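S.K.: okay, sequence plus prediction incoming.
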Amino acid sequence: IVQDVADRIDLVFGLAVHDYLAKHAGPDVLAEERMEWRDPETGWLVTGQPDSVEWLTVDGGLLVDWKTTRVRALAYDKPEWSAQTNLYAYLLRLNGLPGERIEVWALLRDYDRGRRGDPEYPRAPLCKVPVEMWDAATAHEYLRERLRLHRQAARGFYPPCTDEERWQRPTWAVTKTGNERASRVFN
C-alpha cells in the first residue's frame, strides 16, 4: 500500500489534540494512562490507553475518548469506536478501576459555521457521540475473539479482510495525474 504523506496530516492533528488534552487534564482525571491485563490462557499482555477517565467528579466513572474527524463521519455508525472504547472500559474494570459510562467527543476539523441553520448539520464543531456500554461478558467475548485471531496470525494464518474492514466502497474513481476530481467513476 502506497500512501502520500500529505494524506496523513489527519494523524498529526489527532496526536496534537491528544497531547494537549493529556497535558491539561484536571486533577480528577486519569489521562492517557496505559492499562494492562495478562491473558491467563496465552500469557499475552493486553494493553490499552484510554484518553481520559473521570471518576472523582463523575459518579461511577466516565471514560472519554477524543476523535478528530470530519463532519461526514457522524453520519455513519462507528462500530470500531464502540469496540475500542468498550475494551478500554473492560481493561479499567479488570484493573479494579471504575468505568461505567462511555462518551466519544468528536472534534470536527472541517466544521462550517455557515451551515448551522441546516437541521441535519451539527450545532457545534465539538459533538458528543453516545456509546452503548457493553456488559462484562460481551466485552470479554470480544476480547477473546480478537486474541484468537492474533494467535492464528502468529501461526501464519491471516483470514482475508472483509470489504467493510478495508473501508471498501462500491465504486472506483479514475483520476488524471494532477487532477483532484475524478474524470470517471465506475461500480
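M.R.: Okay, I see it.
S.K.: just the pLDDT at the residue nearest to Pro98 when sequence neighbours are not counted, thanks.
M.R.: What sits nearest to Pro98 in space, not counting adjacent residues and going by CB to CB, 6 or more residues apart in numbering, is Gly61, at 3.2 Å. From N, CA and C alone the C-beta is placed, and that goes for glycine too. The per-residue pLDDT reported for Gly61 equals 81.
S.K.: how close does Gly61 get to Trp37?
M.R.: Gly61 is 17 Å from Trp37, where distance means CB to CB, to the nearest Å.
S.K.: more neighbours: which of the two?
M.R.: Taking other CB atoms under 10 Å, Gly61 and Trp37 do not tie; Gly61 has more neighbours (19 against 16).
S.K.: tell me the contacts of Arg184?
M.R.: Contact analysis of Arg184 by CB atoms under 8 Å, 6 or more residues apart in numbering lists 173-174.
S.K.: switch to 10 Å and redo it
M.R.: Taking CB atoms under 10 Å, 6 or more residues apart in numbering, we find Arg184 in contact with 172-176.
S.K.: what pLDDT does it get?
M.R.: Per-residue pLDDT puts Arg184 at 87.
S.K.: same thing with Trp44?
M.R.: In this model, Trp44 is scored at 92, pLDDT.
S.K.: make residue 1 into 5 and carry on from there
M.R.: Will do, 5 is the new start, and the previous item becomes Trp48.
S.K.: count the neighbours of it for me.
M.R.: Neighbour count for Trp48, taken as other CB under 10 Å: 13.
S.K.: hang on, isn't it packed against Ala158?
M.R.: Yes. Using CB atoms under 10 Å, Trp48 is in contact with Ala158, at 9.4 Å.
S.K.: all helices for the chain, in order.
M.R.: With helices called from DSSP state H, the chain shows them at 13-27, 83-98, 140-158.
S.K.: tabulate those in TSV, adding columns for mean neighbour count, mean pLDDT and distance to Pro123.
M.R.: As requested, the helices of the chain are exported to TSV (neighbours: other CB atoms under 10 Å; pLDDT from 0 to 100; distance: least, CB to CB, whole Å):
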stretch	mean neighbour count	mean pLDDT	distance to Pro123
helix 13-27	13	84	27
helix 83-98	19	94	24
helix 140-158	13	94	34
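S.K.: which among these is found nearest to Trp70?
M.R.: helix 13-27 (6.0 Å; CB to CB).
S.K.: picking up where we left off before, for Val189, find the nearest of the helices of the chain.
M.R.: Of all these, helix 13-27 sits nearest to Val189, with 23.5 Å by CB to CB.
S.K.: how far does that closest one sit from the chain's center?
M.R.: 14 Å (CA atoms, centre = their mean, to the nearest Å).
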